[in-house]
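Novice: My questions are about this predicted structure, shown below with the sequence.
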2 protein chains.
Amino acid sequence: MIEELSLNHKENPFLACSRIKCKVFDKGETITTYVENRNQICLLLEGKASLIRYDFNGNETVLDHFSNEDLFGELFYSISSNTQMEVYATEKAKVLFFYYDYLFQPCNKKCPIHNALIDQLLRLLSQKMISMNDRIEILTKRSIRDKLLSYFSSLSYQKSSKTFSLPLSLTQLASYLNIDRSAMMREMKYLKEEGFIKKSGSKITLLY
Amino acid sequence: MIEELSLNHKENPFLACSRIKCKVFDKGETITTYVENRNQICLLLEGKASLIRYDFNGNETVLDHFSNEDLFGELFYSISSNTQMEVYATEKAKVLFFYYDYLFQPCNKKCPIHNALIDQLLRLLSQKMISMNDRIEILTKRSIRDKLLSYFSSLSYQKSSKTFSLPLSLTQLASYLNIDRSAMMREMKYLKEEGFIKKSGSKITLLY
DNA sequence: AATATATTGTTGCATTTGCAACAAAAATGA
DNA sequence: TCATTTTTGTTGCAAATGCAACAATATATT
């Protein structure tokens, strides 16, 4: 979708627009902090990034992972007193920065990238909401079994096949489903034993 | 926010715009179904509504509750094969309907409501994401205790006070936190006994 | 006011889950 | 290639949670 128009990031004509900045970050670098950037919206064009929170005790929590064409920014989080949030690159990352306030104020009459961005923004926001709703859907399943089956069937639906590969490592999957990894492994074993799934490596087949 | 400009719903000038429809629903009426309305966005101006899903067995699940100026619509959910979703009014409700596709195609040059809506939409979307992230935040807490304390401190922060009223009944709260109600009551009792909170009726005071 | 309905509060019990502590296998990197 | 780190897989045990089945209030309805 975002490949259309002049948002093609291979050509990268972003710097032509004074309202929009594009920057590349090395692995480990901080992309943005969620402090005093209330209106900032970021679009990850390439690479991967994570959102982490430091609470008052200094504990780190990974709140989200970004890739592909994910949107992120302080705009999507409520302000919270005694915590700090930051997004950092977990792989080399190319990021577009722009501001909610300036979005509908054209930088100049003939700024194609600006208009393309406005055009794509709703679609990107819609995509983000869909993935957030998917996450909520899984998190509201009561048992580990239901979470796994719900996650599997959504993958199966996406690939239109009973067989699919897990896009996450099992460690990451447990974290995404917000469950204990060893408990998840146990439940997967039961699912295999009871004939609900077949599993070899990261390939899963639904048998129902 | 939405009171500004001509989006003031007391005056209700919506029908002036051919791209936007406004309709009032009685309690119990179906507002929309999430089938073949991929581009529809709805804005609840007054009243309350719920999103429910019927799975292949006919089981009903309440997926979400809407009030105030909540946005909803098929645009925010992934399509799923063997389930049906619908939004119905749980109280008399006034709803604005419009379409993603037509949003940036002005109906006529001087449609103030249309422009006001575009102007407000990002803000509404941002609000919705914030509340979705709040929900995810709470759902990813591992224990009932953590969910309760996290929910309480967010309320406390909102009201800027250690004392606040629960906006939900305890039954609804358990459902929102996705936990068993009786287990929640038990945990609240422990929190009181251990001196973390004080509770009288729906009034809670944080003691830490 | 009397009845019905919904919410709140409590508890015993079975089950699920998380935790800890491993071993084995795979991936990484020096 | 060898060593180190990460991921996968397994299990016993304790703790947390859900479930069922209530009683007591509170709210709504006729």
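Specialist: Received it, and whenever you're ready, just let me know what you need. Residues are numbered from 1 along each chain as shown, chains lettered A, B, ... in the order given.
Novice: CA atoms for contacts and neighbours, from now on please.
Specialist: Noted.
Novice: So which residue is smack in the middle of chain A?
Specialist: residue A:66 (3.5 Å; CA atoms, centre = their mean).
Novice: which element is the nearest residue to residue A:80 once chain neighbours are set aside on?
Specialist: Computed as CA to CA, 6 or more residues apart in numbering or on different chains, the closest residue to residue A:80 that is not its neighbour in sequence is residue B:157, at 7.7 Å. Assessed by DSSP states H and E, residue B:157 sits inside helix B:144-159.
Novice: how far is the helix-or-strand element of chain A with minimal mean pLDDT from where the chain is centred?
Specialist: In chain A, the helix or strand scored least confidently by mean pLDDT, DSSP states H and E is strand A:60-66, which has a mean of 82. For strand A:60-66, the separation from the chain centroid amounts to 10 Å (computed by CA atoms, centre = their mean, to the nearest Å).
Novice: separation between residue A:19 and residue A:41?
Specialist: Distance of residue A:19 to residue A:41, given as CA to CA, to the nearest Å: 12 Å.
Novice: and the residue of chain A found nearest DNA strand D, how many residues sit next to it?
Specialist: Minimum separation of chain A from DNA strand D (CA to the nearest atom of the strand) falls at residue A:170, amounting to 3.4 Å. Applying other CA atoms under 10 Å in any protein chain shown, we find 15 other residues in the vicinity of residue A:170.
Novice: What is the burial count for residue A:86?
Specialist: Residue A:86 has 19 nearby residues by other CA under 10 Å.
Novice: show me what contacts it?
Specialist: A:30, A:31, A:32, A:33, A:34, A:51, A:52, A:53 (CA atoms under 8 Å, 6 or more residues apart in numbering or on different chains).
Novice: ok, 6 Å please
Specialist: A:32, A:33, A:34, A:51, A:52 (CA atoms under 6 Å, 6 or more residues apart in numbering or on different chains).
Novice: Number of residues surrounding residue A:200?
Specialist: Neighbours of residue A:200 under the rule other CA under 10 Å: 8.
Novice: what is it paired to in the beta sheet?
Specialist: Residue A:200 has the following beta-bridge partners by DSSP bridges: residue A:203.
Novice: rewinding a little: just checking the helix holding residue B:157 against DNA strand D, any contact.
Specialist: Yes - using CA under 7 Å from any atom of the strand, helix B:144-159 reaches DNA strand D at B:144, B:145.
Novice: still on that earlier bit, quick check: the residue nearest to the centre of chain A vs residue B:29, distance?
Specialist: Distance, residue A:66 to residue B:29, using CA to CA: 39 Å.
Novice: Neighbours of the residue of chain A found nearest DNA strand C, how many?
Specialist: Using CA to the nearest atom of the strand, the closest approach of chain A to DNA strand C is made by residue A:143 at 2.9 Å. As a burial measure, residue A:143 scores 13 neighbours (other CA under 10 Å).
Novice: follow-up on the earlier one: show me what contacts the residue of chain A closest to DNA strand D?
Specialist: By CA under 6 Å, 6+ apart, residue A:170 has no neighbours at all.
Novice: Enumerate the residues of chain A near chain B.
Specialist: Neighbours of chain B within chain A, by CA under 6 Å from any CA of the partner chain: A:76, A:77, A:78, A:126, A:129, A:130.
Novice: and the one helix or strand the fifth one maps to, which residues are buried?
Specialist: Think residue A:129. Using DSSP H and E, the element containing residue A:129 is helix A:112-139. For helix A:112-139, a neighbour-count test (16 or more other CA atoms under 10 Å in any protein chain shown) marks A:112-115, A:117, A:120-121, A:124-130, A:132-136, A:138-139 as buried.
Novice: And stretch A:92-107, by the same measure?
Specialist: Within stretch A:92-107, the residues scored as buried using 16+ other CA under 10 Å are A:92, A:93, A:94, A:95, A:96, A:97, A:98, A:99, A:103.
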